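Peer 1: Structural data only, the sequence is not supplied:
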Ligand SMILES: Nc1ncnc2c1ncn2[C@@H]1O[C@H](COP(=O)(O)OP(=O)(O)OP(=O)(O)O)[C@@H](O)[C@H]1O
Ligand SMILES: [Mg+2]
């Protein structure tokens, strides 16, 4: 690559990063603005204030926001955990075993993934009310699994396929049972894949709005995105934009932390050296 | 330690194609057996059936006197070195070697001791804490061997363990494996398609062709008394030359003149219009350099040399000859099957490195008639094979081998002590 070409890549990279980060920067700046500043069209706040944060964390919006934060964390973590465990076994079977209906499972997963959420939410609303799952954690975890499972199965079976078969056969010759070979060799090798999948699944559940707003009615199960939508009614005299922006920043932070923590685990190339290429 | 017996082993894959067909093979306790053959002949399949990674369609696999057909790999107590080593990338070298011991719930002190002992043998000491990804090819290979020798397996299985190494390292590891096997005296089955490995490592070599055993014998017997055209062409490098000939009264009329077979071997063949004469390159020599005393055992002929290759310690000359169409076709077929480069109808001849024979000129060659084999072109059968002489060669090899093992043991190099 010539120097000129490299410069172009750098310029293009900067443009893309700016384009992607600008809305986020705008939201961060909004969250520090006083109500009078909100609509002034300037990027930086004239007065720097923590008022929006104190409003959602300790002020009158806290009753709405804090339970929602707890719900979101709990529900999304459980949904992610279940999705990972289930899809790990499914993906292992798909990658390793030869059985009838393998294609069917994969295409069903794909079909579920592309099925529009909005079209099942109404029947689900009625069904949940009937069987008592409406406005409960399981009432959200189950539909979240329908979002996360297909994706997890697809990504994880791709990861499992990458692991050389011979690893496992070598373990069996060394004296391992199938389960030991899976636990001691396949799982550690698949760990980066599992983490990547977990993060993707978590984001998917974390970002859901439609299920959250439709299948909950109180702070018993209402997740953050739904609560954010309800901020508009929280104050009669003030525009809630500042509070919404502050809440948006707060919910983005766990996502960023997650990525930073697991960034090092999502290193591919862990299997380097297993086999001579 | 244990013997391995295979009785009429057949392996059919899903499509019904027999990858291994009716193989019966006895491998004695402590023997080094080589499985060799062109690509796709079923060597790996056979090995994987021994270790239990592949189901056996029919026949009996008997290890140490017990039938193991229905046993899982871990119940067979064999250790295997895979072609690509299959090291566990998430474990250190130490833990890789210790893996079988850990699975067997060996006490920590014993694990430490055994892994150190294996690392001693393989000179892996300074690498024990490293990850396989950071090792060189040869070191990885040794780690894979360490994992195999660390526990008291009944037999070692190798599937082309050296094919990923460069030529120099391959030579080194080859001697390493030979040394190790003699020290430990453990039954070993070794798959390869490398000539040199097959000839130097094995006590006996089993030549496979399309899933069927052609010949099982010591390397020397395979070389000197091959049973058929396939074995003769497969063993030896450069390969044996095959010349078309007409046989009359024990005399072969070849493109290189008449060769008279000794009466003992020529007698029972009878007259034939077309046979293939197999002559190893080293059965030829520059006629001017041959001892007068030796000359009567062969014949001399004049031919034009196409190319010569001088390699310092040896020299090869290429002599083209005419052959009938059907023979050319058959030789092409054979070379395709042997994975060798397409044979042109030329003989490769080994001459003394001091010989002044030059390319493009006519020269006089001598040919040792005692070392000539005659093959039936239709069936490939060796018509001049002396099975008694062959058996004698294999017996001698066994004796020599027993001595070597005794010596290795006596010099106190055994690992278990
Ligand atoms: N899983 C399989 N399904 C169907 N056929 C197979 C399978 N594995 C191997 N075969 C066939 O069995 C035959 C023997 O294969 P095998 O791997 O034992 O050959 P090989 O002698 O080890 O060759 P190479 O030297 O190339 O490793 C081949 O013809 C191959 O096509
Ligand atoms: Mg093979």
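Peer 2: Yep, it's here. No experiment lies behind these values; they were computed from the predicted model shown. Numbering: from 1, shown residues only, chains lettered A, B, ... in the order given. Ligands and ions are numbered 1, 2, ... in the order given.

Peer 1: domain ranges for chain B?
Peer 2: B:4-77+B:153-223+B:393-410, B:227-384 (automatic domain parsing).

Peer 1: And ligand 1, is the shortest one touching that?
Peer 2: No - between domain B:227-384 and ligand 1, judged by CB under 6 Å from any ligand atom, nothing touches; the nearest distance is 9.0 Å. C-betas here are computed from N, CA, C, even on glycine.

Peer 1: Relative to the whole chain's centre, how far out is that domain?
Peer 2: 22 Å (CA atoms, centre = their mean, to the nearest Å).

Peer 1: That domain spans what distance, first to last residue?
Peer 2: Domain B:227-384 has its terminal residues 9 Å apart, counting by CA to CA, to the nearest Å.

Peer 1: Spatially central residue for chain B, please.
Peer 2: With distances taken as CA atoms, centre = their mean, the residue of chain B nearest its centroid is residue B:198 (2.6 Å).

Peer 1: Do I have it right that it meets residue B:219?
Peer 2: Yes - the pair residue B:198 and residue B:219 passes the contact test of CB atoms under 8 Å, sitting 6.8 Å apart.

Peer 1: any common contacting residues for those two?
Peer 2: Common neighbours of residue B:198 and residue B:219 (criterion: CB atoms under 8 Å, 6 or more residues apart in numbering or on different chains): B:205, B:235.

Peer 1: what does the helix or strand harbouring the residue nearest to the centre of chain B contact?
Peer 2: Here residue B:198, judged by DSSP states H and E, is contained in helix B:195-201. Residues from elsewhere that reach helix B:195-201 (CB under 8 Å, 6+ apart): B:32, B:34, B:36, B:162, B:174, B:177-178, B:181, B:190, B:192, B:205, B:219, B:223, B:235-237.

Peer 1: picking up where we left off before, hey, least reliable of the domains of chain B by pLDDT?
Peer 2: The minimum mean pLDDT among these belongs to domain B:227-384 (a mean of 86).

Peer 1: Next one: the residue in the stretch 1-150 of chain B that chain A sits nearest to relative to residue A:80, how far apart?
Peer 2: Nearest residue of the stretch 1-150 of chain B to chain A: residue B:133, at 2.7 Å (CB to the nearest CB). For residue B:133, the distance to residue A:80 (CB to CB, to the nearest Å) stands at 30 Å.

Peer 1: higher neighbour count, those two?
Peer 2: In this view residue B:133 and residue A:80 are compared by other CB atoms under 10 Å in any protein chain shown, and residue A:80 has more residues nearby, 25 against 15.

Peer 1: Heading C-terminal from the helix or strand containing that one, find the next helix or strand.
Peer 2: Assigned by DSSP H and E, residue A:80 belongs to helix A:62-96. Downstream of helix A:62-96, the first helix or strand assigned by DSSP H and E is helix A:102-114.

Peer 1: Burial check on residue B:176, number of neighbours?
Peer 2: 19.

Peer 1: again, but for residue A:16
Peer 2: Residues near residue A:16, counting by other CB under 10 Å, number 10.

Peer 1: tell me the pLDDT at it?
Peer 2: Residue A:16 carries a pLDDT value of 94.

Peer 1: isn't there a helix covering it?
Peer 2: Yes - secondary structure of residue A:16 (DSSP: H, G, I helix; E, B strand; the rest coil): part of a helix.

Peer 1: Would you enumerate the residues in contact with it?
Peer 2: Residue A:16 touches nothing, counting by CB under 8 Å, 6+ apart.

Peer 1: how much space is there between it and residue A:29?
Peer 2: Distance, residue A:16 to residue A:29, using CB to CB: 21 Å.

Peer 1: again with residue B:237
Peer 2: Applying CB to CB to residue B:237 and residue A:29 gives a distance of 77 Å.

Peer 1: Residue A:74 now?
Peer 2: Distance, residue A:74 to residue A:29, by CB to CB: 31 Å.

Peer 1: and what of residue B:140?
Peer 2: Here the criterion is CB to CB. By it, residue B:140 lies 54 Å from residue A:29.

Peer 1: Looking at those two, which has the bigger crowd around it?
Peer 2: Higher neighbour count among residue B:140 and residue A:29: residue B:140, with 25 against 16, using other CB under 10 Å.

Peer 1: What secondary structure category should be reported for the single nearest residue of the stretch 251-400 of chain B relative to ligand 1?
Peer 2: Residue of the stretch 251-400 of chain B nearest ligand 1, by CB to the nearest ligand atom: residue B:339 (9.0 Å). The assignment at residue B:339 comes out as coil when based on three-state DSSP.

Peer 1: Can you classify the residue lying closest to it once chain neighbours are set aside by secondary structure?
Peer 2: In this structure, residue B:339 finds its nearest non-sequential neighbour in residue B:38, 4.7 Å apart by CB to CB, 6 or more residues apart in numbering or on different chains. Following three-state DSSP, the label given to residue B:38 is coil.

Peer 1: What is the burial count for residue B:38?
Peer 2: If you count neighbours by other CB under 10 Å, residue B:38 ends up with 18.

Peer 1: pretty sure it contacts residue B:209?
Peer 2: Yes - the criterion here is CB under 8 Å, and residue B:38 meets it with residue B:209 at 7.3 Å.

Peer 1: Which residues are in contact with each of these two?
Peer 2: Common neighbours of residue B:38 and residue B:209, counting by CB under 8 Å, 6+ apart, are residue B:337.

Peer 1: burial count for the residue nearest to residue B:124 when sequence neighbours are not counted?
Peer 2: Once flanking residues are discounted, residue B:124 sits nearest to residue B:142: 5.7 Å by CB to CB, 6+ apart. Neighbour count of residue B:142, defined by other CB under 10 Å: 24.

Peer 1: The one 4 residues further on too?
Peer 2: Other residues near residue B:146 come to 25 when the count uses other CB under 10 Å.

Peer 1: Give me the buried positions along the one helix or strand it maps to.
Peer 2: Per DSSP H and E: residue B:146 is located in helix B:137-149. In terms of neighbour count (16 or more other CB atoms under 10 Å in any protein chain shown), helix B:137-149 has its buried residues at B:137-149.

Peer 1: Tell me the first helix or strand C-terminal of it.
Peer 2: Using DSSP H and E, the helix or strand that follows helix B:137-149 in sequence is strand B:155-159.

Peer 1: Can I have the buried ones of the contacts of helix B:195-201 as a PyMOL selection?
Peer 2: Burial among these is assessed by 16+ other CB under 10 Å; the matching PyMOL selection reads:
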select buried, chain B and resi 32+34+36+162+174+177+178+181+190+192+205+219+223+235+236
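
Peer 1: List the buried residues in stretch A:34-54.
Peer 2: So for stretch A:34-54, counting by 16+ other CB under 10 Å, buried means A:35, A:37, A:38, A:45, A:49, A:51, A:52, A:53.

Peer 1: Next step: these restricted to helices.
Peer 2: Per DSSP state H, helices hold the following members of the buried residues of stretch A:34-54: A:51, A:52, A:53.

Peer 1: Was I right to think the last one contacts residue A:31?
Peer 2: Yes - here residue A:53 reaches residue A:31: they are 7.1 Å apart, a contact under CB under 8 Å.

Peer 1: Close to chain A: what parts of the stretch 101-250 of chain B are there?
Peer 2: Applying CB under 8 Å from any CB of the partner chain, we find that the stretch 101-250 of chain B lies next to chain A at B:103, B:104, B:131, B:132, B:133, B:134, B:135, B:137, B:140, B:147, B:151, B:164.

Peer 1: can we see that at 6 Å?
Peer 2: B:103, B:104, B:132, B:133, B:137, B:164 (CB under 6 Å from any CB of the partner chain).

Peer 1: Just the closest of these to residue A:192, please.
Peer 2: Within those, distances to residue A:192 taken as CB to CB reach their minimum at residue B:133, with 13.9 Å.

Peer 1: Around the residue of the stretch 251-400 of chain B closest to ligand 1, how many other residues sit close by?
Peer 2: By other CB under 10 Å, 13 other residues sit near residue B:339.
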